[in-house]
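Visitor: Fold the following for me, if possible:
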Amino acid sequence: MIKSFALSLALAFGASAAERAEDRWNLADLYPSVQAYREDAARLQAELESFGACRGHLADSAARLKSCLERYSSLAKRLARLDVYASQLLAEDTGVAESLELNEQARRLRSDREQASAFVRPELLGTGRARIDKLGVEAVLAEIKARAKGKG
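Guide: Model prediction:
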């Protein structure tokens, strides 16, 4: 029993020792460097703060609604990219302080995004069905979804 356990450990550690660089995610596909990640994170933080300008104005016009929802979608997409980069960098080696820092920064950005956009759903729900229909929300959402899937 102990021998089979020791053999299992040896095989497991032997396999990880044979890991090749080409077997890893190429994080440069997301960001060419940690510095590029940091710059995008700083831009995203500033955009989260400016997103508050949409509060109370979502139903002003169809154009305003579309603009705000496109910004919301863009923020979510960029945050996902930052989050994947940070989590995969951390997964490479959980002992690297910089990776821990980036992962924590991504967590804070997720929280900041939730806070910055918390008004969106209640505001849309409070707008009323008649106004939503008049603004053409369904068409706006369909266009944004199609673009997010790369079809537009």
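
Visitor: can you give me phi and psi for G128?
Guide: The phi and psi values for G128, taken as degrees, to the nearest 10, are phi 100, psi 150.

Visitor: and if you look at S61?
Guide: Torsion angles, degrees, to the nearest 10, at S61: phi -160, psi 170.

Visitor: Check what pLDDT it gets.
Guide: If you check S61, the pLDDT there is 90.

Visitor: Pull the number of nearby residues for the closest residue in space to it that isn't next to it in sequence.
Guide: Leaving aside its chain neighbours, S61 sits nearest to L135 (7.4 Å; criterion: CB to CB, 6 or more residues apart in numbering). Where C-beta positions appear, they are placed from N, C-alpha and C, glycine not excepted. L135 is flanked by 21 other residues according to other CB atoms under 10 Å.

Visitor: Please tell me the pLDDT value assigned to L135.
Guide: At L135, pLDDT is 79.

Visitor: Distance of it relative to E49?
Guide: 26 Å (CB to CB, to the nearest Å).

Visitor: P32 too?
Guide: For P32, the distance to E49 - CB to CB - is 26 Å.

Visitor: Likewise for A62?
Guide: 25 Å.

Visitor: quick one: which of these two has more around it?
Guide: Ranked by neighbour count (other CB under 10 Å), A62 and E49 place A62 first, with 14 against 11.

Visitor: Backbone dihedrals for V96, please?
Guide: phi -90, psi 120.

Visitor: quick one: contacts for it?
Guide: 89-90 (CB atoms under 8 Å, 6 or more residues apart in numbering).

Visitor: For the most centrally placed residue in the chain, give me the pLDDT.
Guide: By CA atoms, centre = their mean, the chain has its centre lying nearest to A80, at 1.7 Å. At A80, the predicted lDDT confidence score is 96.

Visitor: Please name the residues that touch it.
Guide: Contacts of A80 by CB under 8 Å, 6+ apart: none found.
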